[in-house]
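Participant: Sequence and predicted model, in that order:
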Amino acid sequence: MKLPNVNTITQQEFLDHIEDDDFLLKYGNPVAVLVEDGSVLMCMAIEYYERMTGKKVEIPEDASNE
């Protein structure tokens, strides 16, 4: 798959740092995550996704309390 020019990190690095306050600043927005099964996950801020798609993302209330 041809990816746009974005930073790419491993699945383990993603798991180790996804909750860091500066994750998007450090790794990029969006960032490509190379998953152990060979697939690629694109991770981006919700606000960025909403701007790109014009759609509002609804986050369930119980998900934000975890």
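Facilitator: Perfect, I can see it now.
Participant: contacting residues for the closest residue to G28 other than its chain neighbours?
Facilitator: Leaving out its chain neighbours, the residue that sits closest to G28 by Cβ to Cβ, 6 or more residues apart in numbering is N7, at 3.9 Å. Every residue, glycine included, has its C-beta placed from N, CA and C. N7 makes contact with Y27, G28, V31, A32, according to Cβ atoms under 8 Å, 6 or more residues apart in numbering.
Participant: Leaving out the residues flanking it, which one is nearest to the last one?
Facilitator: Counting by Cβ to Cβ, 6+ apart, T8 is the residue found nearest to A32 once chain neighbours are left out, at 4.3 Å.
Participant: picking that back up, quickly name whichever of the contacts of N7 is closest to E58.
Facilitator: V31 (23.3 Å; Cβ to Cβ).
Participant: In three-state terms, label the residue nearest to A32 for me.
Facilitator: Following DSSP: H, G, I helix; E, B strand; the rest coil, T8 is assigned to strand.
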